[in-house]
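Enquirer: below are the sequence and a predicted model for it; my questions follow.
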There are 2 protein chains.
Amino acid sequence: MSELVELTQRERDALDALELRQRHVRRGAILQRENEPCGELFILRRGLMMSYVLLDDGSRQILRFLFPGDMLGISSAIYSEAPETLCALSDSVVSPFDRAALADIMRTHPRLSAMILVYSQIERVSLTDRLAALGRTSAKARVAALLLDLRNRLRATDKAIDSTFVLGLTQEEIGDATGLTAVHVNRMLRQLEEEGMIAREGGRVTLLDSSGLAFAANYVNRYEGLDLRWLPSAA
Amino acid sequence: MSELVELTQRERDALDALELRQRHVRRGAILQRENEPCGELFILRRGLMMSYVLLDDGSRQILRFLFPGDMLGISSAIYSEAPETLCALSDSVVSPFDRAALADIMRTHPRLSAMILVYSQIERVSLTDRLAALGRTSAKARVAALLLDLRNRLRATDKAIDSTFVLGLTQEEIGDATGLTAVHVNRMLRQLEEEGMIAREGGRVTLLDSSGLAFAANYVNRYEGLDLRWLPSAA
DNA sequence: CGTGTGTTTGATTTGTTTCAACTACAGTGG
DNA sequence: CCACTGTAGTTGAAACAAATCAAACACACG
């Protein structure tokens, strides 16, 4: 959060208070299950997670990939039953806190409240981008968009990452995120490779033509282009 | 907002202050255009609107239909350029206000800030429902879900509406919302009609088997099942 | 009365899924 | 150490859902 605004000491303290506890979650472990009561929120400290829903024909739609620094479970906090499942894609560390802590922040830190709203709106716009992708773009464009988004969000926590990164996802997971079958994801990756847009070897992907990919995928990085000058001043 | 929590007089006054001005917008008029600078937010007072994005092959994805009481343009407010277009589907009335007014509320009314966050999370979950629908369900299920959602949200402002309502949308608009072509939407509506799930005559739709539709469409009304007991107390 | 927008229907094509088989590889236990 | 198992990736052929193309039709509107 300190990347977008200069936080005061009091604000930093309030955020640190959310991260007092730590919980380790193994790869594949489920932090919160769809349709089960859910009291807790989390901040992801380390690792890669995802949120998804299951449809009653057994198919899965991955809603979002979650990276260190992300706040998890806000949407679940407003319902008596969780609307989505939270699951670890790699061994991860989270800091759980309860809804009362969120309410406390909203009461005493107006600017942090505004920042939470800002992040939830960034997430909203990312979701609408994906909605447009699923509704109106080709399989290849969707896979390209996913690769670009993964790269950009990994880069947010690790500036060392440039065009090469480890794709910590199976092709089935890519399919469940893009609304495709694993088989077709495979063909699209292969096609992108043949066209010289990407290279692959042993779980690592290299984006050879980022701007070409971004153009083909209609991709916009929603963590850029913000205007937060209107935020309330720090308390 | 007063449907979810009991507002104090001061809170009501603060919300009323946002609605001092009124602007009439004609059917088809655009309130905010994608990629253009955007300062204003709006509260929709009367009418039906939508938000959409255009892709560069000319196709359109409708992101959300907007009903009286909805706050419009929060996501645009955090960017220097609007991520989506706001357009009136019927003659409508909106109350414009600026970002500073939103900042004011966040500074002085913690519980209203929390409510704004709650509404933006309800919207988020609705968007993820649609994401799952576009990614993983059939054309028929998507059309059914749209009809159910329209009915439920119309009902929120007009309790008189039961199973029959005027579908203020063209089949092309339904297609742009569900990721289908107008031609295919037509066939799906026809099929739902033949199966006895709905009836149609002159722009009016009747849901003959709501629960059957809800089951086929995996539909959940996201304005229900909330748990807001944790909200900060009124200032 | 013509014009345009929206709806309906049919024939054909296309992108994606499904099904099936096969490869590569890591982990496990005998 | 090696057979066994399971998971992930790859490839081809067939089936299918939805798009595309094309043509009528209905109807409101100027």
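Expert: Perfect, I can see it now.
Enquirer: which residues of chain A fall in helices?
Expert: A:9-18, A:74-77, A:99-108, A:110-136, A:139-157, A:171-178, A:182-194, A:210-217 (DSSP state H).
Enquirer: among those, which comes closest to B:L127?
Expert: helix A:110-136 (4.7 Å; CB to CB). The C-beta positions use only the backbone N, C-alpha and C, and glycine is treated the same way.
Enquirer: mind giving me the domain ranges of chain A?
Expert: Structurally, chain A divides into domains by automatic domain parsing as follows: A:9-115, A:138-217.
Enquirer: first-to-last residue distance for the last one?
Expert: Terminal residues of domain A:138-217 lie 9 Å apart, using CA to CA, to the nearest Å.
Enquirer: do that domain and DNA strand C meet?
Expert: Yes. Domain A:138-217 lies within reach of DNA strand C by CB under 7 Å from any atom of the strand, at A:S138, A:A139, A:K140, A:G179, A:L180, A:T181, A:V183, A:H184, A:R187.
Enquirer: per-residue confidence for the third one?
Expert: At A:K140 the predicted local distance difference test score is 98.
Enquirer: for it, grab the count of nearby residues.
Expert: Neighbour count for A:K140, taken as other CB atoms under 10 Å in any protein chain shown: 20.
Enquirer: what sits against the nearest residue to it once chain neighbours are set aside?
Expert: Of all residues not flanking A:K140 in the chain, A:M188 sits nearest, at 4.9 Å (CB to CB, 6 or more residues apart in numbering or on different chains). Neighbouring residues of A:M188 by CB atoms under 8 Å, 6 or more residues apart in numbering or on different chains: A:A139, A:K140, A:V143, A:L180.
Enquirer: about what we covered before: and of the domains of chain A, who's closest to B:P83?
Expert: Per CB to CB, nearest to B:P83 of the domains of chain A: domain A:138-217, 15.1 Å.
Enquirer: is that closest one positioned near DNA strand D?
Expert: Yes. Applying CB under 7 Å from any atom of the strand, one finds domain A:138-217 in contact with DNA strand D at A:T170, A:Q171, A:E172, A:A182, A:V183, A:N186, A:R187, A:L189, A:R190, A:R200.
Enquirer: now render those residues as CSV, adding distance to chain B.
Expert: Formatted as CSV, the residues of domain A:138-217 next to DNA strand D follow (distance: CB to the nearest CB, whole Å):
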residue, distance to chain B
A:T170, 17
A:Q171, 16
A:E172, 13
A:A182, 14
A:V183, 16
A:N186, 18
A:R187, 18
A:L189, 18
A:R190, 21
A:R200, 24
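Enquirer: out of those, who's the most crowded?
Expert: Compared across the residues of domain A:138-217 next to DNA strand D, A:L189 has the highest neighbour count, 21 neighbours, by other CB under 10 Å.
Enquirer: quick one: that residue and A:V143 touch, right?
Expert: Yes. Between A:L189 and A:V143 there is a contact at 6.4 Å, judged by CB atoms under 8 Å.
Enquirer: apart from its neighbours in sequence, what residue is nearest A:I43?
Expert: A:S95 (4.7 Å).
Enquirer: next: A:R12.
Expert: A:S2 (7.6 Å).
Enquirer: what does the model give the one you found for pLDDT?
Expert: Reported pLDDT for A:S2: 83.
Enquirer: what residues are up against A:L192?
Expert: A:L192 sits in contact with A:K140, A:V143, A:A144, A:L147, A:I198, A:L213, where contact means CB under 8 Å, 6+ apart.
Enquirer: what about A:R229, neighbour count?
Expert: Counted with other CB under 10 Å, residues neighbouring A:R229 total 8.
Enquirer: mind checking how far it is from chain B?
Expert: Per CB to the nearest CB, to the nearest Å, A:R229 is found 9 Å from chain B.
Enquirer: for A:A100, same thing?
Expert: From A:A100 across to chain B, the span is 6 Å (CB to the nearest CB).
Enquirer: just checking, that residue touches B:L231?
Expert: No. Applying CB under 8 Å, one finds A:A100 not in contact with B:L231, separated by 10.2 Å.
Enquirer: and those two? which has more neighbours close in?
Expert: Applying other CB under 10 Å to A:A100 and B:L231 shows that B:L231 carries more neighbours, namely 22 against 11.
Enquirer: skipping its backbone neighbours, what lies nearest the more buried one in space?
Expert: That would be B:A114: by CB to CB, 6+ apart, it lies 5.0 Å from B:L231.
Enquirer: ignoring the adjacent residues along the chain, who's closest to A:N218?
Expert: B:L55 is the one closest to A:N218 (CB to CB, 6+ apart), at 5.7 Å.
Enquirer: residues contacting that neighbour?
Expert: B:L55 touches A:A132, A:R136, A:T137, A:N218, B:Q61, counting by CB under 8 Å, 6+ apart.
Enquirer: what's the farthest-apart pair in those?
Expert: Farthest apart among these by CB to CB are A:N218 and B:Q61. That separation is 10.4 Å.
Enquirer: okay, and the common contacts of these two?
Expert: With CB under 8 Å, 6+ apart as the test, A:N218 and B:Q61 both reach A:A132, B:L55.
Enquirer: can you pick out the residue with more neighbours from these two?
Expert: For A:N218 versus B:Q61, neighbours defined as other CB under 10 Å are more numerous around B:Q61 (24 against 19).
Enquirer: residues in contact with the more buried one?
Expert: A:L131, A:A132, A:G135, A:R136, B:Y52, B:V53, B:L55, B:D176, B:A177, B:G179.
Enquirer: and A:E3, by the same measure?
Expert: A:A156.
Enquirer: just the one 5 residues further on next, same as before
Expert: The neighbourhood of A:T8, defined by CB under 8 Å, 6+ apart, consists of A:A234.
Enquirer: where does it fall, phi/psi-wise?
Expert: phi -80, psi 170 (degrees, to the nearest 10).
Enquirer: the residue of chain A found nearest DNA strand C and A:I198, how far apart?
Expert: In chain A, the residue that lies nearest DNA strand C is A:H184 (3.1 Å; CB to the nearest atom of the strand). Counting by CB to CB, to the nearest Å, the gap between A:H184 and A:I198 amounts to 16 Å.
Enquirer: same check, this time on A:D98
Expert: Per CB to CB, A:D98 is found 43 Å from A:I198.
Enquirer: that concludes my questions; thank you for your assistance.
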